[in-house]
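*Asks:* have a look at this prediction, sequence included:
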Amino acid sequence: MTSSTTIELQVNRAALLTLLHPPDRDYFWTDWYSKERQVVLCYTRRYRNLGAVASQRNESLHPILKAVMNPQMSLENAIRSMESELKLWYRSIREADERSRIDRPRAVDFEAFQLLVGHVTIWALEKINPEWIAAKELATQPITAGPCDCDIYIRYGLPCRHYLLRACIQGFPIPISLLHPRWRLNGPSMASGNWQARYYDDSINPDDANPTKYHDVGKNKFLHAAASLQKLHQELPRQQADLLANQLSTFHANVTVTHERLQEVGQGLLVTLPKPPPTRKEAWAGLRQKKKHDRVNARALTAAEAAERDAKQRDAKQRDKQKEDSEAIASLPPDPPPHPLLHPSSL
């Protein structure tokens, strides 16, 4: 069912047949082999279904209704459960549409997606983002927009890297005309069967075109890493995904604190090379011996011994300074007697 290529399908089919008994093998060749093109992914992935994989609406609602219904329920309770569950389902769809109007995916290049954010679903934006990253990697090649046989374009009606290449090279935002109206939040519910993605030159603002707009290598690497981590987080099990999120949150907090501290001193987040390790002579010179007049191979002081020695030296220097101050004060001449006219008794 999940074989993505015909070669993978042949390998999986052979492995399945080795596990079946002879009657089951006959049943497979008689009833299931002829239906492979209807159910196996390597064939269905190229159907123009715009993401709707169920053959009818009732079939897509079956898992939802099965979770709240059972054969022991009365007809009245079954209808009430269906009504309540369908209301929750439609509410979740409306909330998703509202989030798409307000929120903005963090891992997309807003300069390129500014005409799409708030006008198409977030699901479609996240589906296009990997193709946009691939288009920037192909930006050195000539323009090859349409026709295209990529799965994302044929199946979902979303632009692939080949259609996005022109916008990337000429440096203008992705036009909404490259997306099927099915993904628009305020678009028509139905479209003609001969729809094709295309660029309308009249709708492209020449002032927005800048061939060097998407050539920021650092920004591209950052967005690519963010998109890869987001995809990895979605594919991991719940516990591992939470662990990855906690690690990324801790790393982000550490980088933010370091950047703020460096900004306070006016340095910015600079990347410096580590100091080279000291030579053997420098490392030996940095070790303090227990006694200068002792033998050459005397052991080095421990941390506690070195701290105690430093404290004694500081105390000795402080005592010597106090003694020098006392002697300097004692050597001063006595103060002269006050002048009679300035004495308080004469006033």
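*Replies:* The structure has been received and is ready for your questions.
*Asks:* end to end on stretch 156-165, go ahead and measure it.
*Replies:* Criterion CA to CA, to the nearest Å; first-to-last residue distance in stretch 156-165 is 18 Å.
*Asks:* and for stretch 163-176?
*Replies:* Terminal residues of stretch 163-176 are spaced 12 Å apart (CA to CA).
*Asks:* now swap in stretch 165-183 and tell me
*Replies:* One end of stretch 165-183 to the other measures 21 Å (CA to CA).
*Asks:* ditto for stretch 23-42
*Replies:* Terminal residues of stretch 23-42 lie 27 Å apart, using CA to CA.
*Asks:* what mean pLDDT would you report for it?
*Replies:* The average of the pLDDT scores along stretch 23-42 is 83.
*Asks:* shift numbering so it begins at 8
*Replies:* Yes, from this point I'll number from 8; that puts the last item at stretch 30-49.
*Asks:* now it: buried residues?
*Replies:* Neighbour-count burial for stretch 30-49, counted by 16 or more other CB atoms under 10 Å, picks out 43, 47, 49. Using the backbone N, CA and C atoms, a C-beta is placed for each residue, glycine as well.
*Asks:* what distance do you get for the first one to Cys49?
*Replies:* When you say that, I think you mean Glu43. For Glu43, the distance to Cys49 (CB to CB, to the nearest Å) stands at 9 Å.
*Asks:* and the next helix or strand past the lowest-mean-pLDDT helix or strand in the chain?
*Replies:* Sorting the helices and strands of the chain by mean pLDDT, DSSP states H and E puts helix 287-293 at the bottom, at a mean of 58. Tracing the chain C-terminally past helix 287-293 and defining elements by DSSP states H and E, one meets helix 310-337 next.
*Asks:* quick one on the thing from earlier: anything in contact with each of Glu43 and Cys49?
*Replies:* When CB atoms under 8 Å, 6 or more residues apart in numbering defines a contact, the residues bordering Glu43 and Cys49 alike are Leu16.
*Asks:* returning to that earlier point: filter the buried residues of stretch 30-49 down to the ones in strands?
*Replies:* Among the buried residues of stretch 30-49, DSSP state E puts none in strands.
*Asks:* can you tell me the helix or strand for Ser91?
*Replies:* helix 82-109.
*Asks:* likewise for Leu24?
*Replies:* helix 13-26.
*Asks:* that helix: how far from the chain's middle?
*Replies:* From the chain centre to the centre of helix 13-26 is a distance of 37 Å (CA atoms, centre = their mean, to the nearest Å).
*Asks:* buried residues in it?
*Replies:* 16, 20.
*Asks:* what's the following helix or strand after that helix?
*Replies:* Beyond helix 13-26 on the C-terminal side, the first helix or strand identified by DSSP H and E is helix 29-34.
*Asks:* show residues contacting the helix holding Leu24.
*Replies:* Residues outside helix 13-26 that contact it (CB under 8 Å, 6+ apart): 10, 32, 35, 43, 47, 49.
*Asks:* same deal with stretch 213-233?
*Replies:* 113-116, 118-119, 140, 143, 146, 175-180.
*Asks:* again with stretch 119-127
*Replies:* Identification of contacts with stretch 119-127 by CB under 8 Å, 6+ apart yields 107-109, 111-112, 115, 117, 131-132, 135, 139, 174-175, 180-183, 186, 190-193, 221.
*Asks:* which of those residues count as buried?
*Replies:* Buried residues within the contacts of stretch 119-127, counting neighbours by 16+ other CB under 10 Å: 107, 112, 115, 131-132, 135, 139, 174-175, 180-183, 186, 190-191, 221.
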